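Novice: Here you go, sequence then predicted model.
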Amino acid sequence: MRVIFYTGKGGAGKSVISSATGLKLAQMGHDTLIISSDPAHTLSDAVETRVQHTPTPIDDNLHAIQVDPIREVREKYGVIQEYIVSLFKSRGLDEVLAYELAALPNMTEFISMLKIVEFVDSYDVVVLDTVPSGEALKNIYLPSLLGASATKLIKLIMPFANIGKLVEPLVGMPTPDREVIKEDIKLLELLEQLRKIIVNREVTSLRLIANPDTFSMQNMKRTHLLANLYDINVDLAIINKVIPEEVHDSYFHEWKNAQAKLLLEAESAFYPLPIKKLRLFESEIKGLKLLNRVGEELFGDEDPAKIYFEGRAVEIKEHENGSLEVIVPLPFAAKDVCSVERTGEDLSVVISTDIGEIRNFIPLPAIAQIMQLAKAKLFNGALHIFFISGDG
Ligand SMILES: Nc1ncnc2c1ncn2[C@@H]1O[C@H](COP(=O)(O)OP(=O)(O)OP(=O)(O)O)[C@@H](O)[C@H]1O
Ligand SMILES: [Mg+2]
């Protein structure tokens, strides 16, 4: 049983790479399901088959699903959603839950996550092509967040269920009837199952996709950090649309130089996470033939179901005295920390090495942003950054 998520900014190549991974997996003999929540139906375009909301055959050992959030909500979670919305309307009791469940963009991803629970036992590998969002990963760890607030919500509303409509004017909010509560509990159980699957490092891998530009890479670093925070195993990073070596057109000269520099930086920034590169093809990638080629170039003889890496690239420790330690492993022999400076949400650290000074941008967890930077030290091949509480 394997669950593979692909995440990355809009247009990075999630749909192409998840389809190519699915094809390769199927050819390796794994019974595979691709789940896409992309409303633009790019999966259908890529595989040139009308992908339905139920498992649609694509090739030998390969099925795909195009999640239809509106249908799913209506058929399965309608009762809850109606209630959540009414709750929200009456000023809401748990705004996080109400917002998350009632807002359709997130609902889409949420529903495709629940699809994992539905199908994980019926296939060897489930590949998820997620839709991009500012904080794409939030949708992946949402189940664990929701897990907690949903329990709170149930506890709060449970006592009112019996007295029902009678107390409505008193508490100033609609009360759920028994049916809602029954559905709610079912949903909670699903969420709990989902959470267990996602944090199981032997089952679920998150794979990051970025294009070789500064913005895209920055986004990838942040996602990497968040995944670490939420205990989701990231096993591979893919840099897609790299201009190939053999292109010598002077028009691309600057692009190639900039990309080479970014790729080098990525190797140090994501160390020890393995990084794969995929070249920019001569055309858009549509149809099984081109997707097969992508799979071939990305994975060769490898089985894409393997766990490419297991571990935490950035470790965050909370100490008893309230201080926070962020540990970043370094790929090079570092001699000294020359300077540490905050740049927006990141930390810019200059380290001297045998080959000169190297600057690293390290994204910080939200909590560190309200803390004071105390010191940065090198030991055991890693950079240790300490934060203390703001007024301390
Ligand atoms: N290596 C590549 N070479 C050439 N074209 C590519 C490559 N990778 C992706 N593309 C093209 O780039 C476009 C975006 O790719 P894709 O749809 O896979 O991205 P996405 O991350 O799923 O985007 P969205 O966030 O919109 O869902 C598509 O037209 C696709 O064919
Ligand atoms: Mg897509």
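Specialist: Structure received. Numbering: from 1, shown residues only. Ligands and ions are numbered 1, 2, ... in the order given.
Novice: got a list of what the closest residue to ligand 2 within the chain touches?
Specialist: Residue nearest to ligand 2 within the chain: residue 15 (3.3 Å; C-beta to the ion). Using the backbone N, CA and C atoms, a C-beta is placed for each residue, glycine as well. For residue 15, the contact set (C-beta atoms under 8 Å, 6 or more residues apart in numbering) comprises 36, 38, 42, 43, 46, 129.
Novice: who wins for neighbours among the residues you listed?
Specialist: Within those, residue 46 tops the neighbour count with 30 neighbours, counted by other C-beta atoms under 10 Å.
Novice: nearest spatial neighbour of that one, skipping sequence neighbours?
Specialist: Spatially, and ignoring its direct neighbours in sequence, residue 46 is nearest to residue 19 (4.6 Å; C-beta to C-beta, 6 or more residues apart in numbering).
Novice: Tell me if the one you found really is in a strand.
Specialist: No. Using DSSP: H, G, I helix; E, B strand; the rest coil, the secondary structure at residue 19 is helix, not a strand.
Novice: Wait, residue 117 touches residue 190, no?
Specialist: Yes. Residue 117 sits in contact with residue 190 when judged by C-beta atoms under 8 Å, with a separation of 5.5 Å.
Novice: Can you tell me how far residue 237 is from ligand 1?
Specialist: If you measure residue 237 against ligand 1 using C-beta to the nearest ligand atom, to the nearest Å, the figure is 14 Å.
Novice: all numbers from here: first residue = 412
Specialist: Understood, numbering begins at 412; the last thing we discussed is residue 648.
Novice: What's the local residue count around that residue?
Specialist: For residue 648, the neighbour count with other C-beta under 10 Å is 27.
Novice: Let's see the pLDDT reported for it.
Specialist: We note a pLDDT of 96 for residue 648 in this prediction.
Novice: So it: helix, strand or coil?
Specialist: Secondary structure state of residue 648, per three-state DSSP, is strand.
Novice: Now do the contacts for it.
Specialist: Residues in contact with residue 648 (C-beta under 8 Å, 6+ apart) are 618, 619, 620, 621, 631, 635, 677, 681, 684, 685, 686, 687.
Novice: Pretty sure the last one sits in a helix.
Specialist: In other words, residue 687. No. Looking at residue 687 with three-state DSSP, it is strand, so not inside a helix.
Novice: do you know how far it is from residue 768?
Specialist: The gap separating residue 687 from residue 768 is 28 Å, by C-beta to C-beta, to the nearest Å.
Novice: and if you look at the first one?
Specialist: In this structure, residue 618 lies at 32 Å from residue 768, with C-beta to C-beta as the measure.
Novice: More neighbours: which of these two?
Specialist: Legend: neighbour count by other C-beta under 10 Å for residue 618 and residue 768, higher for residue 618 (24 against 12).
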